[in-house]
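Novice: Got a sequence here, can you build the structure:
(one chain, ligands or ions: 1)
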Amino acid sequence: MDWTEGDFIGGHPVLDFLNTAAGRTKQRDVERLVDFETFLKWSCVAGIVSESEVNALTDRLHRDPTGAGTALSDVCRFREALHGCLIAEQAGSEWPEDAKALVISNLRDCLAKAQLAKCAASYEWSVSACETDLALPLTRLVLETEALLRSDDLARMRCCDRCSWLFIDRGRGPSRRWCSMAACGSRAKSARYYQRKTGNGDER
Ligand SMILES: [Zn+2]
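Specialist: Okay, here's the model as predicted:
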């Protein structure tokens, strides 16, 4: 599948990653990371891996399809656990226990593999660019998660009124309610219009 601008509305690569699941409802029942190659393409567009890393990893995945299948299930398991935690965080609730344990164990494993590298005036965790481990894109996303959890962006995180997508609300005015006006905002508005016309419906 081709990833387009509308797939990157989260305002943070980790939220864009969480938004690779689900259709336009609260149910996360549409899986868009259908295979590891699709995830690699997404990671490249998202700036998580470079094109040369994608080429090296694509060679690797063709040599090791079973490993790629396992790596993809790790990716989707981490994504859904983190989504559960951030939905709870955004609602002001405790993180669900199992999901929290999985997120923490991923954070610990990835930090153990990472090096502390200087980036402009500060430091950040990174993993080697010459790495051809199929876990490379996920490792980088986990390290990005670690940074997100410690950043001010977390307080500005919102969940779309209509679907399960998360985004950082950087606007100064009233809170942004939808992941995007084109995808969910206009549907919410047309549903309200329909309700006014017919006098019924079940607006959320
Ligand atoms: Zn939405």
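
Novice: tell me which parts of the chain are close to the ion?
Specialist: 160, 162, 163, 165, 179, 184 (Cβ under 5 Å from the ion). From N, CA and C alone the C-beta is placed, and that goes for glycine too.

Novice: need the contact list for residue 74.
Specialist: Taking Cβ atoms under 8 Å, 6 or more residues apart in numbering, we find residue 74 in contact with 135, 138.

Novice: measure it to the ion for me?
Specialist: According to Cβ to the ion, to the nearest Å, residue 74 stands 26 Å off from the ion.

Novice: and the nearest residue to residue 59 once chain neighbours are set aside, helix, strand or coil?
Specialist: Closest residue to residue 59 apart from its sequence neighbours, by Cβ to Cβ, 6 or more residues apart in numbering: residue 132 at 8.0 Å. Secondary structure state of residue 132, per DSSP: H, G, I helix; E, B strand; the rest coil, is coil.

Novice: now swap in residue 179 and tell me
Specialist: Residue 179 ends up coil, using three-state DSSP.

Novice: before we move on, what about residue 116?
Specialist: Under the three-state scheme (three-state DSSP), residue 116 adopts strand.

Novice: For residue 143, see how far away the closest residue in space to it that isn't next to it in sequence is.
Specialist: Of all residues not flanking residue 116 in the chain, residue 123 sits nearest, at 5.3 Å (Cβ to Cβ, 6+ apart). Between residue 123 and residue 143 the distance is 12 Å, computed by Cβ to Cβ, to the nearest Å.

Novice: In terms of neighbours, single out the busier of those two.
Specialist: Set side by side, residue 123 and residue 143 show more neighbours around residue 143, with 22 against 11, by other Cβ atoms under 10 Å.

Novice: Doesn't the more buried one lie inside a helix?
Specialist: Yes - remark: residue 143 belongs to a helix, assigned using three-state DSSP.

Novice: Number the chain from 808, please
Specialist: Yes, from this point I'll number from 808; that puts the last item at residue 950.
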